[in-house]
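A.B. asks: mind looking at a prediction? Sequence and model below.
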Amino acid sequence: MQVIATAGHVDHGKSALLRALTGMEPDRWAEERRRGLTIDLGFAWMTLPTGEQLAFVDVPGHARFVPNMLAGVGPVPAVLFVVAADAGWMPQSAEHLAAIDALGICRGLLAVTRSDLADPGPALAQATATIRRSSLGEVPAVAVSAVTGAGLPELISALGSLTAGLPAPDPDAPVRIWVDRAFSITGSGTVVTGTLPAGTVSRDDELLVTPALRPVRIRGLQSLGLDAPALTGVSRAALNLRGISRGELRRGMALVQPGRWTLTKVIDVRLSGAGSAGDWGTDGLSAGGRSAGGQLLRQLILHIGSARTPARVRLLGRALARLTLREPVPLHVGDRVLLRDPGAARTHGSRVVGAVVLDVAPPGLAHRGAAAAAAASLASWPDRPTAADLLARHRLLRTGDLLAMGIGEQPAPVAGDWLVDPPYLAALRRELELVAAEQPRANPLAAGMPVEAARAALRLPDRRLVHAIAAARLADLASSGTGPLRIADGLITSGPAGQEPDGPTGHLPPPLAAALAALHGDLAARPFHAPDAARLRELGLDSRGLATAARHGTLLRLSEQVVLGPGADRQAAKILAGLDQPFTAAAATAALGSTRRTVIPLLEHLDRLRITERLPDDRRAVR
């Protein structure tokens, strides 16, 4: 199936032409049929001679219903442009063409209607020449009469050629269906309709309704009035939803696949189409205000799909702008949106301008010169940014965030699901080397810099990134010269290349290693005589130094200020096993040649290790 929209001035015969082609009535409302005027979107379909289904979105041509027209044109890949032979090119013809041009629609067909009432030649020549200057370029043209049927076979043939040339949509693309109708059916419940441009939806799939991101489940599917277990874009889709009422839905909402779209209120865009940089870049914005940084601002209406929302436009540079939306919409980078100024005077030329979304989650503009820097960064980006473009700007992104931005092809994560811009990774490595090298000077007795402290110093969101940065061995990493980084026991250390720990304390800071060596000398003669507080102060061993030594296995820490040499507990167990069992604390104190200050914490330590067992009478036995 393919879906195309009509376009053209009011009362030029768009709906009559669809009735002649399809045998269906596209005008749904009684008022539309009574007035002979399309007010809202209409829908009809036909089967081409090739057997392919072709659905039409019939849009209103009256100036008062331009938002409804944009809701119909936005989601489709091609248009059937209609101009009446007896009226020629008219104001709404121009406005519809401006919208098509702004949206970048490049495939279409011209139908000159009412050829039974006037010579179609002049209207055809004028319309062809005008359309040629838009994104549609040269389009096939057919003169038709919905009354006599003249030209209808040729038009059907041209429609077949048009649809055959449309690109095949990706069935695996993320789903986004803009709601254009919502209603209830007795016995079925809530139903919404919209155009599925790409991707696949199936019965029982779960989708999210924006902007609330409320989950709903697809109870049933129809396309062109027929039930279907699944639909693949391009399709006109009717979805029977479970989990939401009719009153909670309206045109402009979207059904999206979870995790595949960014719901955003701030975007950076590149303006394109008629009047983008000139008319709105200077005098065209004079009716607006100015930001604190002096940037011109203006309130416009943003249209995408069937959605529309007020948007504040802040120019960043030539043809580049930041849009702040009143309501969030689900977007990808590379999406095309339309900005409309419904109050613009005719002297300003076109009242619409197109824009390509470059960033759906742009960084803030908090300091002077930030707007100019943003413009300089975005100026070289393609209309569809890559993962490299976005990483260069954001520096650090998760794979899921990039996927929700619309980027499927991604580099390999550096840690978990984190992606890092390579130059930023190199800068982080240099910064980590510097802060790790500074740690011994700031805290000589510390065995290294805690990973969490490094994470905070580098302003990183995840500890795993610290490990990845420390382990990085990229050829383009410009080292600061402080040496390799090592992480052990949650601590980062650095030193000259090739330097390895020497002895049991060789991996500790020299002041701490020297203090421990002296303490080990004290304990060599009396291994169960813990040094007192005065001796620890004399050696410069505070609680942090003792904790570091214990963590590295160079001390056995029995309590806050009671420490012995490594392995003293195993040595004590052998001595206590030689006593008559069970034994008292006094017997253990005598056997170990120590004091109760040391022996009681040591016995409790052995109890915890289940080497000894404390009995009800406070005696102990070696297990």
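C.D. replies: Looks like it came in fine. Numbers count the residues shown, from 1 in each chain.

A.B. asks: and the single longest helix found in the chain, what does it pack against?
C.D. replies: Ranked by residue count and defined by DSSP state H, the top helix of the chain is helix 422-442. Applying 3 or more Cβ pairs under 8 Å, 6 or more residues apart in numbering; DSSP states H and E, one finds that helix 422-442 makes contact with strand 449-450, helix 451-457, helix 463-471, strand 485-488, strand 491-494. No exception for glycine: its C-beta is placed from N, CA and C like everyone else's.

A.B. asks: now for Val352, how many residues are close by?
C.D. replies: Under the neighbour criterion other Cβ atoms under 10 Å, Val352 is assigned a count of 27.

A.B. asks: beta partners of it?
C.D. replies: Beta-bridge partners recorded for Val352 (DSSP bridges): Arg340.

A.B. asks: show the contacting residues for it.
C.D. replies: Taking Cβ atoms under 8 Å, 6 or more residues apart in numbering as the contact definition, Val352 lies against 95, 98-99, 102, 273-274, 338-341.

A.B. asks: give me that answer again for 6 Å
C.D. replies: For Val352, the contacting residues are 98-99, 102, 338, 340, taking Cβ atoms under 6 Å, 6 or more residues apart in numbering as the criterion.

A.B. asks: now the helices: where do they sit in the stretch 501-623 of the chain?
C.D. replies: Using DSSP state H, counting those that start in this stretch, the helices of the stretch 501-623 of the chain run over 510-525, 533-539, 543-551, 568-577, 585-592, 596-608.

A.B. asks: buried sites along the fifth one?
C.D. replies: Counting neighbours by 16 or more other Cβ atoms under 10 Å, one finds that the buried residues in helix 585-592 are 587-589, 591-592.

A.B. asks: so which bits of the helix or strand harbouring Arg312 are buried?
C.D. replies: For Arg312, the host element (DSSP states H and E) is strand 307-317. Within strand 307-317, the residues scored as buried using 16+ other Cβ under 10 Å are 307-309, 311-317.

A.B. asks: how much space between Ala87 and Ser145?
C.D. replies: To Ser145, Ala87 is 14 Å away according to Cβ to Cβ, to the nearest Å.

A.B. asks: give me the more crowded residue out of these two.
C.D. replies: Of the pair Ala87 and Ser145, Ser145 is the one with more neighbours under other Cβ under 10 Å, namely 21 against 17.

A.B. asks: for the stretch 401-550 of the chain, give me the ranges with low pLDDT.
C.D. replies: Residues of the stretch 401-550 of the chain meeting the criterion pLDDT under 70: 440-447, 473-483, 495-509.

A.B. asks: should've said the chain
C.D. replies: The low-confidence ranges in the chain, as defined by pLDDT under 70, are 26-41, 60-75, 273-297, 343-350, 440-447, 473-483, 495-509.

A.B. asks: so Leu358 is in which element?
C.D. replies: With secondary structure defined by DSSP H and E, Leu358 is part of strand 352-359.

A.B. asks: off-centre distance for that strand?
C.D. replies: Here strand 352-359 is found 18 Å from its chain centre; the criterion is Cα atoms, centre = their mean, to the nearest Å.

A.B. asks: what angle separates it from strand 307-317?
C.D. replies: For strand 352-359 against strand 307-317, the angle between stretch directions is 80 degrees (axes from the mean of the first three to the mean of the last three Cα atoms, to 10 degrees).

A.B. asks: could you identify the helix or strand that succeeds strand 352-359?
C.D. replies: Along the chain past strand 352-359, the next helix or strand (assigned with DSSP H and E) turns out to be helix 370-378.

A.B. asks: what sits up against that next one?
C.D. replies: In this structure, residues lying in contact with helix 370-378 by Cβ under 6 Å, 6+ apart are 295, 316-317, 320, 358, 365, 393.

A.B. asks: for Gln571, which non-adjacent residue is spatially closest?
C.D. replies: Closest residue to Gln571 in three dimensions, ignoring its sequence neighbours and counting by Cβ to Cβ, 6 or more residues apart in numbering: Pro527, at 6.4 Å.

A.B. asks: how about the helices of the stretch 501-623 of the chain in a markdown table, adding distance to Asp205?
C.D. replies: Output for the helices of the stretch 501-623 of the chain, formatted as a markdown table (distance: least, Cβ to Cβ, whole Å):
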| stretch | distance to Asp205 |
| --- | --- |
| helix 510-525 | 61 |
| helix 533-539 | 67 |
| helix 543-551 | 52 |
| helix 568-577 | 61 |
| helix 585-592 | 71 |
| helix 596-608 | 55 |
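
A.B. asks: so what are the domain limits for the chain?
C.D. replies: Structural domains annotated on the chain: 2-164, 176-256, 262-404, 422-494, 510-622, as defined by automatic domain parsing.

A.B. asks: from the chain's centroid, how far away is the shortest one?
C.D. replies: Just to be clear, that refers to domain 422-494. On Cα atoms, centre = their mean, the centre of domain 422-494 falls 28 Å from the chain's centre.

A.B. asks: over to the second one?
C.D. replies: Mean-position distance between domain 176-256 and its chain equals 23 Å (Cα atoms, centre = their mean).

A.B. asks: if we can go back for a sec, would you format the buried residues of helix 585-592 as a markdown table with distance to Gly51 included?
C.D. replies: Conversion of these to a markdown table gives the following (distance: Cβ to Cβ, whole Å):
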| residue | distance to Gly51 |
| --- | --- |
| Ala587 | 101 |
| Ala588 | 96 |
| Thr589 | 99 |
| Ala591 | 99 |
| Leu592 | 97 |
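
A.B. asks: still on that earlier bit, which of the contacts of Val352 fall within strands?
C.D. replies: When DSSP state E is applied, those are split such that 338, 340 fall in strands.

A.B. asks: quick one: which of the contacts of Val352 is nearest to Leu458?
C.D. replies: Leu338 (42.0 Å; Cβ to Cβ).

A.B. asks: double-check the closest one against Ile301; I have them as touching.
C.D. replies: No. Counting by Cβ atoms under 6 Å, no contact exists between Leu338 and Ile301, whose distance comes to 8.7 Å.

A.B. asks: which of those two has more residues huddled nearby?
C.D. replies: In terms of neighbours (other Cβ under 10 Å), Leu338 is the more surrounded of Leu338 and Ile301; the figures are 25 against 19.

A.B. asks: what about that one, distance to Ile218?
C.D. replies: Counting by Cβ to Cβ, the gap from Leu338 to Ile218 is 29 Å.

A.B. asks: tabulate the contacts of helix 370-378 in TSV, adding columns for distance to Leu207.
C.D. replies: Listed next are the contacts of helix 370-378 as TSV, based on distance: Cβ to Cβ, whole Å:
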residue	distance to Leu207
Gln295	38
Leu316	34
Gly317	38
Leu320	33
Leu358	27
Leu365	34
Arg393	30
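
A.B. asks: closest to Arg614 among the residues you listed?
C.D. replies: Comparing every one of the contacts of helix 370-378 with Arg614 (Cβ to Cβ), the shortest separation belongs to Arg393, at 64.0 Å.

A.B. asks: just checking, next helix/strand downstream of the helix or strand harbouring the closest one?
C.D. replies: According to DSSP H and E, Arg393 maps onto helix 387-394. Tracing the chain past helix 387-394, the next element assigned as helix or strand by DSSP H and E is strand 396-398.

A.B. asks: may I see the buried residues of that following strand?
C.D. replies: Of the residues in strand 396-398, those buried under the neighbour-count criterion (16+ other Cβ under 10 Å) are 396-397.

A.B. asks: check stretch 116-130 too.
C.D. replies: Taking 16+ other Cβ under 10 Å as the basis for neighbour counts, the residues of stretch 116-130 that come out buried are 116, 120, 123-124, 127-128, 130.

A.B. asks: distance of the closest residue to Ile4 other than its chain neighbours from Asp607?
C.D. replies: Nearest residue to Ile4, sequence neighbours excluded (Cβ to Cβ, 6+ apart): Ala78, at 4.4 Å. As judged by Cβ to Cβ, Ala78 and Asp607 stand 82 Å apart.
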